Each structure stands twice: as C-alpha cells, then as structure tokens.
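> next comes the sequence, and after it the predicted model I'd like to discuss.
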Amino acid sequence: MTDTSAPRVDQDRYDPQAIEPPIAQRWYDERTYSLSPPPSADRSGDDTFYALTMFPYPSGDLHMGHAEIFTIHDALVRHLRMTGKRVLNPFGWDAFGLPAENAARNRGADPSRWTYDNIEEQRSTIVRLGYSFDWDTVLYTCDPDYYRWTQWLFLELLDADLAYRKEALVNWDPVDQTVLANEQVVDGRGERSGAVVQRIPRTQWFFRITEYADELLDDLDTIDWPERVKTLQRNWIGRSEGAEIAFPTADRGKRGKPDEVVVYTTRPDTIFGATYFVFAPEHPLVAERMGDDPAFAAYLEEVSRRSELERISSMEDDRGKRGFRLNFDMVNPFTGEDIPAYAADYVLMDYGTGAIMAVPVGDQRDFDFARQEGLEIRVIIRPTTPDGELLDELDPDTMTEAYLGPGVMVNSGDYDGLPWEDAKERIIADVEAKGWGHARVNFRLRDWLISRQRSWGPPVPIIHCDTCGEVPVPFEDLPVTLPEDLDFQVQGSPLDQHPTWKHVLCPQCGNEDATRDVDTLDTFVDSSWYFLRYLSPNSEEFAWPKEAADAWLPVDQYTGGVEHAVLHLLYSRFVVKAMRDRGYLSADEPFQRLLNQGQVVMDGAAMSKSKGNLVVPGEVYDEFGADTLRGTMLFASAPEDDIDWADVSPTGMHKWLSRVWRLTLEHVAREDAGDAEDGRSVDELRKATAAAIIGVSEDLDAKKYNTGIAKLMTLTNAVLDATRDGSGGPVVREALESLLTLLAPICPFITEELWHRLGHEGSVHDQPWPTADASLLEEDEVEIVVQVNGKVRGRVTVPSGAEQAVVEEAARADETVASHLAGEPVKTIFVPDKLVNLVVKG
RNA sequence: GCGGGUGUGCCGGAACCGGUAGACGGAGGGGCCUUAAAAGCCCUGGGACCUCGUGUCCGUGUGGGUUCGAGUCCCACCACCCGCACCA
C-alpha cells in the first residue's frame, strides 16, 4: 500500500478537502477494491458475500438518495471485508431509457454521448465519496457487449415458450409515445410521464410471467424481505381461489343450440343467489348477439368514453354502474331458472372470463346494481358468528348492503344448512361431477408486456418475414445493434423511420423483403438480469458462468429504493426462475435479503429543483467532506427510515470528526515528545474501549449504524476525559486505534489518514476487525435499583454478584426506601446485579 | 373497504428476554478562554409541585387489561404514512 501523504495546508487542522481526494483517486486508479481472483473464478463458498446496490440510471449527477443507498451499502461492505469476507461488490449503470432519447429529441444530443457523459459525472462523485466498488466488474446496459446478452435472454425465453407475441388491449402512453406494462401504469397514468394512458389494441411481445405466478407468490415466504414489499407483491400477484362454471343461454344461438358462457367466481357457494348475469360490454358473445343494435352501440360508445373520464377523475364516488339489458337470458344451472342478462361496465373483459354470475346478496357491486335496476335480491345465506352461532336472518327488502360474513346456506336446495365453506367445497365438487366447470385459481398478475416503441434500448431480436413469420435472429448475429445515425426529430419511432436499418434478408429463406422488429425491449428487461452479468461482465462466450452463478447467488444483500417493489424486483425473480428451469443456474431467487433504505427529504417534502429545496451530495462534501456526509446519513436514523435533511446536522458530525482528528494528532505529538504516560483513569478508558468494540460490533452486524456511531462518540468522550486526566500512553493509543478501525467502514478517509499518522504502513481497511475481552467489562461493584411496589425509590452500590440478602439489607438502609416501607415486605423480587423490588401491602 | 407500517423531550433518535425512560447528537440557555469573533472546552437540558431533597406527582398517541413491575405483552380505539382497490 502506498503512502497517502496529502498536501497539507495546515498540519493541525482537520481539512477533508486536502486528505480525501488523493486517497479516493488512488483507490480508484489502483482498483484497490477489486475482487481477486474475479468472481467468475471464485467458488470458495462460505466466506463469500454478494453485496449489491440497485444500479443507477444516469440521468444527471447523483442525488442524495443515491448517496444514502451507497453509504449504507458501503459501510456494510467495508465492515464485512474487515471481518474476513470475500465481498463481491460490483457496480454498473442502467443506461438505456427515455431521458436520453428525450435529450436527443429536445436538444439534439446524441443519446450515447449524453449517457456516457452523465456516467462519467456520476462515477467521479462515487469515487469522491469513497465507495469501495469493484471497478473491474462495471457494466453498462447500453453497451452492445451487454445488450447482446439481453437479446440472448429474450431468445432463450422465446425458445422456452415464455416469450410470445399477441394482439391485446395495451396501455398506450401518448406523451412517451410507447406502450407500457401494467406495472408501469399507476392510477391510470404512465408512471414516468404522468399522462393518462389509453387502452388500444396492438400486437406486442410479452413475457409469460403468469406461468410462474404460484411460485412467485409462494417463494416470498423463503426470502428475507421487508414485509411491506412482500405484501405489495402478494397484492400485485393477487391470487384468488374459486371455480369456473358454465352458464347456458336460455335460447338457441347461431349454432342451433344454447351458447355456453363460462364465469369465474370465488364464491360458488352463493350460486343459488345468482339472480342475473352480467357481461363485460366488450364480450364477444354480446357483440355477436347484439349485432349493430343502435341503442347498444350508443351504450358501448358511452362506456368507452366514460371509463376514460373515470380514470382521470380518480373514480372514488359517483360510481353508478351503467348497465344495458341484453336481448337474451341465461340459465342458472343450479336452480334451472332463467335469469336476465346484462352488459355492465363494472365487469371487466380482461379479468376472469369477462362475465359473471351476479349474486346481489353476497357482493356489494351486484347488490348496488340490483337495487339500481330493481332486480331480485335472493337470500341464500343466514349470518352466523365466526363460531357458527346463528344470527338474525337477512331481509332482502331492508338490507342496505351485501352480506360478506360467515353463515350457513338457506334456499340452496341440498346445500341448506351447510356452513358456507363446506358448501363451497361441495358445490365445486358437484360442478365438476356434472361437467359444468372446475375449480380454478385466478391471478390478477398479467403477462409482462416488453415491447417499447422507443429507440434507445435493445432491439427486439426478431425478423419478420412474409413467408417464415417471426424469425429469431440467429445467435451468431447478435447483438442486433442500434444504428448510430438515428434521427430523433422524426414523428414516431426513429428506429422504424431509419432509411435502411430495418431492411434485412430473412435468415431462414433469404427473402429480401424481411424487416426487423422495430421495437426495443423494456428497460426493465435490461435490469432483470444484470446481477448475473456482474459475474463475468466481459465474457463473450456466455452471459454468465453457471458455476459462478451457483457459487454467488442468491445475492446476500440487496440495497435499494422501495419504488421498485413490484417492477424490477418481480421481473428479476421471474427471470431467475425461468433461467433456472433452462438450466443456466440453480438458485430459486435472485435476492435473499432486501434492504429498502428510506428517502432523503427536505422539510418533510421530496427534494426537487423546482421546489428550491434541493441539496446535492456535491454541496455537502465540498463544505464538510465525504466522511461527514456519510457519517451524517448513517447517524441520522436507521437505514430503512427516512432522513429529513432539515433535521440533521452535518456540522455536528464534522465537529466530532474534528475532535477525533485533534485527539489523535495530540497523542502522536505527545508520543513524539517522549511524554507518553498513562494516568490514573486508564482503567476507565480500557473499559470504554472494550465496551465500544463489543457494542459497535453488535450494532454493525445488525446494521444499526446510528447507535454504533453513538458508541464511538462515547469512546471519543472517554479518550478526551482520560487525556484531560493526564493520560497519554499505550492505553490511549489502543483506544484511538480501536476507534479508527471501528469507524473505518463509516468514514473511510479520516480513518485511513489518521491510521498513517499513528505510524502504520498499511491501510486501516485491511485491518482485522477488532475484538475485546468481555471480562474487561465486569465491574467489581454494581449499582442496583431499589423499587418499592415497582417504583424506583433509590439505588445502592454493592459488590457484583451480591446475594439477595446483602442487597436487601443495603436497600433497607436507604432513607428514602425506608420511608416507603410501611411494614414488612410481603414479597421481594430480585434480579441479580440489577434490581430489587420490595413489595409491601398497599 | 382490504393489506402493510409508524406514533417516545423543542428536533433526529436510544432503551437486550418486561426491570433506572430519554443513550448519542442537534437546536436552546449559562459559563471559561479571547481585545473581539471563530474554533475549542465546561455546565444545563420532559413537565408540574413543594418542605428545594439521595424529595413527591405526572409523563412513551388514547382507553382498558395482564404483571411485583409495561415504551416493550394482550384487547379496543385514534392519528398519520405507504400500497391495493368495480379483480367477480
């Protein structure tokens, strides 16, 4: 390790601007924190640790949120290294995406140039802040060497029948001019642009993530993630259990016999209460039956207009259900009765089967609609308590809402008297026996739409040929690269409008009229597998080596923002499972443990340039240094809690670091002067050092950096007390060295510098994590709390390990205690070395 | 409506298995040093009361409960934050 002598303006003063940059630059230039041997060759097992942060999107310089993620992450990584782990700590950029394209369109920038310029800016900030990433494994998703393998991933999924193309009603974002996945639509708006999305039919590529719906749900129980995120994913996957049941039409259809319409229901037990039937307005049978009935056409028109308006006005109230009485009836297979058929906008074409049996008594929406249309509300359940005790019967005339609670069946033929759960089971069994349908699990999760009408992304590696259809680009021809001369000023997709790019020969038949797929893959495809590429970022033979994937996956600790709870995190889980089933790796999950760091806000509100409350990392390290920035963030709160920058004090952190600086230099000066004697308070300091080592170790293991720092401050105060008492010998040195090694993961620069000032050659970051003898903490005497009837009335000091009788006697000798002891205690609680509680009658 | 989470001094936050509530820091107040300032250092720091003490009472969102003892466990509620929501 080379010397870190920095230019020193003032020898005595803590000047982070002088000491930090040279050290930072050296760590970067010398690749100090690169893993050697590289991860692809390392299968050592036990002492390895894969630490990952969500890689940033390079849309400008880093913001405080990035600084927080990386600071938490870096403290973890540096600490783990000092405890002897071999840590894979890679970095990269999620470098494809719309902002680059927008810069190109609005300012004529070259998206690649724009992206790499931003990356350089971010890289220099990251280096400046002392984050110990492995710069040998760095990757960029917009690099053809990377997206070649993104395209390979697509072809693998295609081969596995997990990628397919279909026409569907998709979300069109009119501002970003592209389709979006369901996950990217929030409250009917594009999550990026905020524009109200339109539902349009379009032929697009999808990943069959629903194939893994069950596993994605069940395996949430096996990973150590915040409950919040797991809940979000559970909600998103939205599993429900029920049955599909076929209802015949009451008349004959086109084919000369009754048509059958399948409904999905989670409450088959309520089928005797199904008094009408509802189709989604767009249901094909409705179109077939209604033909071009002008009234119905008008209704359809109104519905389509209305649903858009509803999305805009956040659909809270005014949810009157627009219905249309169709020109036919359905038959309830269980009662044999004809029931009227409606179209209504509260039934959605793309959930379940697009048609429902309506049970007003047991479903609020059906109830509302029945009241509105004057339809029969038939009571088929008698409410009970959860324990099965009978409650009052329901009265259809006076009910004001549907009954959703437990009960026993009534008016339900053979099923009368059964508790509803039993009835559900029996009815499903009977439905299956009669061939009317079957049990069925349904998911809210839809397949992942991956086509984007954008041009700064990996092209979909498909060639469309009139004779051969959709032809995958042969592996040897990957990557399908983007042309460098795209014109971003054109209307529509620049890739599509490029004069030559899309025209190719069909790889199968040589047809000259074949064209490339002009869409690109969703950026979330790029990021769904980058943690695998880190294992061999430069390999041209494979996306990742299986042996390395088996050695390093799942990622031991993943740190990043909660905003990716259902997007990136769900997609990555899907990709890992799919690749596992293709034999490319063995892990079931990508990320074993997830930490969602809190947000950095200002006065309770998100920071933004427009609000004028923006603080950027650069300002903070320019004024106080990177160590202060890092320390401030970690000391402010637990990693998962938000930090309000208005509430924290970089000044306080800087003051403390200055004190550490001064104490260390003063000690060095004392040693140099040959004046290094320990004084009478060294025992206290020795204890304080041991306590800090033990306490900080525990705190860092538990990622409680805030309390760890508090303990280091306490140790600093103990050093100060000792030196004021005249100490300046080996015990003080030991205390300072312990302080620096314990602080090293949090504030890497000042500790490195002071470590050298104390005369050490190597890096403090290569020091083993300190340990202490816990017996040092044992006291000869302990203070015991004395309670009377549970209230603290005094404290006594006794030899540690004192017997109850001794403690009790000492306690009763205390005046205040005695004054509260009216008579003999009826009971005494004794906790050795801690507390005695005398209970008297009262 | 459903699900998840959070409520502790002026502020950020501590508090192992139920055992001294408020560690550590910030802001504030007082002092030392200094011609002055900065820096540094020291003291103080939940509220109320009085007999001014090694004093009493109150105090961890609210109300109950369990316990010798509850911020911590149980029940009910309130407030706020986040997510989902016409999902059959």
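It's in. For clarity, every value in this text was computed on a predicted model and none was experimentally measured. Numbering: from 1, shown residues only, chains lettered A, B, ... in the order given.
> which residue, other than its chain neighbours, is closest to A:Tyr346?
In space, and not counting its chain neighbours, A:Tyr346 is closest to A:Lys321: 4.6 Å by Cβ to Cβ, 6 or more residues apart in numbering. Where C-beta positions appear, they are placed from N, C-alpha and C, glycine not excepted.
> find the residue at the geometric middle of chain A.
In chain A, the C-alpha nearest the mean C-alpha coordinate belongs to A:Ala565, at 3.6 Å (Cα atoms, centre = their mean).
> report all helices and strands that whichever helix or strand A:Leu76 is part of contacts.
When elements are assigned from DSSP states H and E, A:Leu76 belongs to helix A:64-82. Contacts defined by 3 or more Cβ pairs under 8 Å, 6 or more residues apart in numbering; DSSP states H and E place helix A:64-82 against strand A:48-53, strand A:86-88, strand A:557-560, strand A:600-602, helix A:617-624, helix A:626-636.
> after whichever strand or helix holds A:Val263, next one along is what?
With elements taken from DSSP H and E, the one containing A:Val263 is strand A:260-265. Sequence order places strand A:276-279 as the next helix or strand after strand A:260-265, per DSSP H and E.
> show me what that following strand is packed against.
strand A:260-265, strand A:323-331, strand A:338-344, strand A:355-358, helix A:364-373.
> pull the number of nearby residues for A:Met349.
17 (other Cβ atoms under 10 Å).
> surely it is in contact with A:Ala280?
Yes. A:Met349 is within contact range of A:Ala280, at 4.0 Å (criterion: Cβ atoms under 8 Å).
> my read: A:Ile381 touches A:Gly362, true?
Yes. Here A:Ile381 reaches A:Gly362: they are 6.6 Å apart, a contact under Cβ under 8 Å.
> how much space separates the closest residue to A:Ala676 other than its chain neighbours from RNA strand B?
What sits nearest to A:Ala676 in space, not counting adjacent residues and going by Cβ to Cβ, 6+ apart, is A:Gly729, at 4.8 Å. Distance of A:Gly729 to RNA strand B, computed by Cβ to the nearest atom of the strand, to the nearest Å: 20 Å.
> residue contacts, A:Gly729?
Neighbour list for A:Gly729: A:Ala676, A:Glu677, A:Asp678, A:Val682 [criterion: Cβ atoms under 8 Å, 6 or more residues apart in numbering].
> what about the stretch 301-450 of chain A, any weak spots by pLDDT?
Residue ranges of the stretch 301-450 of chain A with pLDDT under 70: A:305-320.
> how about the helices of it, start to end?
Taking DSSP state H, counting those that start in this stretch as the test, the helices found in the stretch 301-450 of chain A are A:364-373, A:420-433.
> quick one: closest of these to RNA strand B.
helix A:364-373 (4.8 Å; Cβ to the nearest atom of the strand).
> interface residues of the stretch 451-600 of chain A facing RNA strand B?
The stretch 451-600 of chain A comes close to RNA strand B at residues A:Val562, as judged by Cβ under 7 Å from any atom of the strand.
> mean pLDDT for the helices and strands packed on helix A:64-82: which is lowest?
Note on the helices and strands packed on helix A:64-82: strand A:600-602 shows the lowest mean pLDDT, a mean of 86.
> that strand packs against which elements?
helix A:64-82, strand A:643-644.
> now the ones you listed as a markdown table including mean pLDDT, mean neighbour count and distance to A:Tyr415?
Listed next are the helices and strands packed on strand A:600-602 as a markdown table, based on pLDDT from 0 to 100; neighbours: other Cβ atoms under 10 Å; distance: least, Cβ to Cβ, whole Å:
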| stretch | mean pLDDT | mean neighbour count | distance to A:Tyr415 |
| --- | --- | --- | --- |
| helix A:64-82 | 95 | 24 | 56 |
| strand A:643-644 | 89 | 20 | 58 |
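> for A:Leu594, find the nearest of the ones you listed.
Nearest to A:Leu594 among the helices and strands packed on strand A:600-602 is helix A:64-82; the distance by Cβ to Cβ comes to 12.3 Å.
> just the angle between the closest one and helix A:626-636, please?
Angle, helix A:64-82 to helix A:626-636, by axes from the mean of the first three to the mean of the last three Cα atoms, to 10 degrees: 90 degrees.
> ok, back up a step: can I get the CA coordinates of the helix holding A:Leu76 in PDB?
The C-alpha coordinates for helix A:64-82 follow below in PDB (Å, rounded to 0.1, in the frame of the first residue of the first chain):
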ATOM      1  CA  MET A  64     -28.900  12.500  -2.000                       C
ATOM      2  CA  GLY A  65     -31.000   9.300  -2.400                       C
ATOM      3  CA  HIS A  66     -28.100   7.600  -4.200                       C
ATOM      4  CA  ALA A  67     -25.700   8.800  -1.600                       C
ATOM      5  CA  GLU A  68     -27.800   7.200   1.100                       C
ATOM      6  CA  ILE A  69     -28.100   3.900  -0.600                       C
ATOM      7  CA  PHE A  70     -24.400   3.700  -1.400                       C
ATOM      8  CA  THR A  71     -23.300   4.900   2.000                       C
ATOM      9  CA  ILE A  72     -25.400   2.200   3.800                       C
ATOM     10  CA  HIS A  73     -24.200  -0.300   1.400                       C
ATOM     11  CA  ASP A  74     -20.500   0.700   1.600                       C
ATOM     12  CA  ALA A  75     -20.500   0.700   5.400                       C
ATOM     13  CA  LEU A  76     -21.800  -2.900   5.200                       C
ATOM     14  CA  VAL A  77     -19.300  -3.900   2.600                       C
ATOM     15  CA  ARG A  78     -16.200  -2.400   4.300                       C
ATOM     16  CA  HIS A  79     -17.300  -3.900   7.600                       C
ATOM     17  CA  LEU A  80     -17.700  -7.400   6.000                       C
ATOM     18  CA  ARG A  81     -14.300  -7.200   4.400                       C
ATOM     19  CA  MET A  82     -12.700  -6.400   7.700                       C
END
